[in-house]
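Engineer: sequence unknown, structure follows:
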């Protein structure tokens, strides 16, 4: 999955971009009691990692 598509999906489910580091983007979910997941800064993200990120934030898979 493309990184831009994943970030769009996360924002659709009330996740907000919190901090940008050198190699990772940290997404903070405001609605889900402050749960945090990191998104790697790659153009393509493995589907297993996408599922893991969504599971950490308790949002449905894209």
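Structural biologist: That came through fine. Note that this is a predicted model, so its numbers are computed, not measured.
Engineer: quick one: low-confidence ranges for the chain?
Structural biologist: 27-33 (pLDDT under 70).
Engineer: the helices in it, which residues?
Structural biologist: For the chain, the helices defined by DSSP state H occupy 3-12, 47-57.
Engineer: I'd like the ones you listed as CSV, with mean neighbour count and distance to residue 38 appended.
Structural biologist: C-betas here are computed from N, CA, C, even on glycine. Below are these laid out as CSV (neighbours: other Cβ atoms under 10 Å; distance: least, Cβ to Cβ, whole Å):
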stretch, mean neighbour count, distance to residue 38
helix 3-12, 15, 12
helix 47-57, 15, 8
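Engineer: reformat these as TSV; add distance to residue 20.
Structural biologist: Formatted as TSV, the helices of the chain follow (distance: least, Cβ to Cβ, whole Å):
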stretch	distance to residue 20
helix 3-12	11
helix 47-57	16
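Engineer: to residue 18, which of those helices lies closest?
Structural biologist: helix 3-12 (11.2 Å; Cβ to Cβ).
Engineer: and the angle from the closest one to helix 47-57?
Structural biologist: Relative orientation of helix 3-12 and helix 47-57, computed by axes from the mean of the first three to the mean of the last three Cα atoms, to 10 degrees: 20 degrees.
Engineer: helix 3-12 - contacts with which helices or strands?
Structural biologist: strand 24-29, strand 36-40, helix 47-57 (3 or more Cβ pairs under 8 Å, 6 or more residues apart in numbering; DSSP states H and E).
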